[in-house]
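A.B. asks: I need the structure of the sequence given here:
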Amino acid sequence: MQAIDERGEGLAPPPAGRPALPPTRTAVGALATAGALAAVLLLPRLVGTTWHDVRAVAGDLGVGDVLGLLALWVAGLCCCSRVLTGSLPGLSSPRALLLNLTGSAVAGAVPLGGALGVWLNTSMLRRWSFRGREIASFTVTSNVVDVAGKVLFVVPVLVAALAVGGLPQVPGAGGWALALGATTVALAALTALCCTDRGLRRLAALATAAAGLRSRLRGRPAPGAPAGLLLRGHLLDVRTTVATRLRTSWRSLTTAVLAYVGLQALLSVACLHLAGLRLPLLTVLAAFAVDRVVSAVPITPSGAGFAEAAACAVLVGAGGDPGHVVAGVLLYRLLLVVLEVPVGGLLLGGWLLAGRRRAPRAGTAPLAGAAPAAVAAVRGGELR
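C.D. replies: Model (predicted):
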């Protein structure tokens with residue numbers, strides 16, 4: 001992120017090039033991606049079916065079915081764009097859609113790729129003349145609303161499914177429930193910490209200490225006290241902006257994010273129905289909720305391999321035919337996750353090319369290092 005003064009204004013442009021990934025992290029990412037691909041390839045065998053049966057089910061889909069599913073996918077993207085425009089005044093819907101698709105494509109290409117996606121979106125917003133404080137507030141607001149929307153959908157569905165017996169006993173479910181509970185507690189603690197001035201001061205001190213430790217390990221000068229004061233002031237400004245935005249726009253933001261999650265759930269229900277699966281609606285929604293929870297665990301890109309296996313375990317455990325289950329799950333994962341990679345990659349390439357063509361006429365240099373960074377990330381693998 002570029003340097004920020006006390007008013008949140010940018011003082012310097014971002015450094016050229018994309019953030020360098022350590023060789024160890026690159027190797028771990030490659031292994032995780034390979035593991036995810038292997039898990040998907042072995043998925044039919046794990047649930048008691050074959051790829052021949054899965055292909056037979058998928059072959060029954062007609063052109064009208066595919067077009068209907070794509071319409072649901074596009075409608076969900078439009079609702080997500082409403083969340084982004086509501087999180088950043090002045091952001092147009094086409095640019096919000098571009099941010100959503102390109103950020104998701106890059107973030108889902110590698111494990112723990114969220115930071116790279118945020119970096120890309122930050123670079124794009126700077127190109128559009130948004131300031132550092134606006135970008136930081138947008139990032140916090142949009143992520144808070146996204147998490148809140150998922151929680152408001154996932155928790156009631158899972159509680160209702162457990163209450164009526166619509167969620168079968170799945171091996172390892174206790175461990176996932178424990179991990180989900182621990183994550184919820186950690187997020188609640190972090191939120192509570194950010195709600196008080198004292199908590200923000202401690203958070204700024206912790207971040208400054210971590211930056212100092214990292215600098216010393218790399219043999220560089222550690223940031224001094226002024227850096228900590230600037231960070232504290234910036235955090236206070238961002239918190240005030242986010243609180244004001246949530247207070248004034250919570251109705252529209254809540255409506256948009258619930259519509260987004262609801263359309264994703266409807267897409268999964270439609271995919272499973274077209275695959276020939278006939279199970280109670282609550283069980284299908286519970287499988288989708290489990291998929292969303294597991295997808296949030298940054299083990300593989302977008303939880304690939306693990307999310308499909310978890311959803312299939314729920315549906316097969318509830319009595320679903322394995323061939324129909326695998327075909328339906330892979331179909332909606334293809335639309336929710338994989339499709340964003342080529343679409344987002346093409347849009348990103350077009351945006352970068354258009355920026356390079358406009359830069360000489362406008363007398364400004366194109367975004368340094370963005371093209372090789374984004375293209376490399378998109379080429380690195382599949383995408384949420």
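A.B. asks: where in the stretch 1-150 of the chain is pLDDT low?
C.D. replies: Within the stretch 1-150 of the chain, the stretches with pLDDT under 70 are 1-30, 32-33, 35-36, 108, 110-113.
A.B. asks: can you do 80?
C.D. replies: Within the stretch 1-150 of the chain, the segments meeting pLDDT under 80 span 1-40, 42, 44, 47-48, 58-60, 107-115.
A.B. asks: and the strands in it, which stretches?
C.D. replies: Assigned by DSSP state E, counting those that start in this stretch, the stretch 1-150 of the chain shows no strands.
A.B. asks: now the helices for it?
C.D. replies: 23-41, 43-47, 51-58, 63-87, 93-107, 114-127, 132-164 (DSSP state H, counting those that start in this stretch).
A.B. asks: these: which one's closest to residue 291?
C.D. replies: helix 132-164 (9.8 Å; Cβ to Cβ). Every residue, glycine included, has its C-beta placed from N, CA and C.
A.B. asks: tell me the most buried of the helices of the stretch 1-150 of the chain?
C.D. replies: Counting by mean count of other Cβ atoms under 10 Å, helix 93-107 has the highest mean neighbour count of these, with a mean of 22.
A.B. asks: dump the residue contacts of the nearest residue to residue 295 once chain neighbours are set aside.
C.D. replies: Excluding the flanking residues, the one nearest residue 295 by Cβ to Cβ, 6 or more residues apart in numbering is residue 303, at 3.7 Å. Counting by Cβ atoms under 8 Å, 6 or more residues apart in numbering, residue 303 touches 291, 294, 295, 296, 297.
A.B. asks: how near is residue 303 to residue 292?
C.D. replies: Distance, residue 303 to residue 292, by Cβ to Cβ, to the nearest Å: 9 Å.
A.B. asks: check residue 57 too.
C.D. replies: For residue 57, the distance to residue 292 equals 23 Å [Cβ to Cβ].
A.B. asks: now residue 78
C.D. replies: In terms of Cβ to Cβ, residue 78 sits 19 Å off from residue 292.
A.B. asks: equivalent analysis for residue 121, please.
C.D. replies: 21 Å.
A.B. asks: so where's the longest helix in this structure?
C.D. replies: Of all the segments of type helix in the chain, defined by DSSP state H, the longest one is helix 225-274.
A.B. asks: list the buried residues for the helix or strand following that one?
C.D. replies: Using DSSP states H and E, the helix or strand that follows helix 225-274 in sequence is helix 281-295. Judged by neighbour count (16 or more other Cβ atoms under 10 Å), helix 281-295 contains these buried residues: 282-295.
A.B. asks: try stretch 306-325
C.D. replies: 306-318, 320-325.
A.B. asks: what residue ranges in the stretch 151-300 of the chain score low on pLDDT?
C.D. replies: 162-240, 296-300.
A.B. asks: please repeat the previous calculation with a cut-off of 90.
C.D. replies: 151-152, 154-250, 276, 278, 290, 292-300 (pLDDT under 90).
A.B. asks: residue 238 reaches residue 137, doesn't it?
C.D. replies: Yes - judged on Cβ atoms under 8 Å, residue 238 makes contact with residue 137 at a distance of 5.2 Å.
A.B. asks: phi, psi for residue 50 please.
C.D. replies: phi -130, psi 160 (degrees, to the nearest 10).
A.B. asks: what sits closest to it if chain neighbours are left out?
C.D. replies: The nearest residue in space to residue 50 (Cβ to Cβ, 6+ apart) is residue 44, at 5.5 Å.
A.B. asks: circling back to that earlier point, between the contacts of residue 303, which is nearest residue 356?
C.D. replies: residue 295 (34.3 Å).
A.B. asks: surely residue 330 forms part of a helix?
C.D. replies: Yes - Residue 330: assigned to a helix according to DSSP: H, G, I helix; E, B strand; the rest coil.
A.B. asks: and it, what does it touch?
C.D. replies: 40, 43, 54, 58, 308.
A.B. asks: looking at those, which one is closest to residue 261?
C.D. replies: After measuring those against residue 261 - Cβ to Cβ - the closest member comes out as residue 308, at 18.9 Å.
A.B. asks: does that closest one sit in a helix, a strand or a coil?
C.D. replies: Once three-state DSSP is applied, residue 308 turns out helix.
A.B. asks: got the contact list for it?
C.D. replies: For residue 308, the contacting residues are 39, 40, 43, 291, 329, 330, 333, by Cβ under 8 Å, 6+ apart.
A.B. asks: next: residue 53.
C.D. replies: Contacts of residue 53 by Cβ under 8 Å, 6+ apart are 44, 322, 323.
A.B. asks: next: residue 82.
C.D. replies: Counting by Cβ under 8 Å, 6+ apart, residue 82 has contacts 93, 96, 252, 256, 259, 260.
A.B. asks: quick one: it from residue 252, how far?
C.D. replies: Distance of residue 82 to residue 252, given as Cβ to Cβ: 7 Å.
A.B. asks: likewise for residue 146?
C.D. replies: If you measure residue 146 against residue 252 using Cβ to Cβ, the figure is 15 Å.
A.B. asks: ok, now residue 316?
C.D. replies: For residue 316 relative to residue 252 (Cβ to Cβ), the value is 39 Å.
A.B. asks: looking at the buried residues of helix 281-295, spot the one nearest residue 245.
C.D. replies: Checking the buried residues of helix 281-295 one by one against residue 245 (Cβ to Cβ), the nearest turns out to be residue 292, at 24.8 Å.
A.B. asks: give me the neighbour count for residue 252.
C.D. replies: By the criterion of other Cβ atoms under 10 Å, residue 252 has 13 neighbours.
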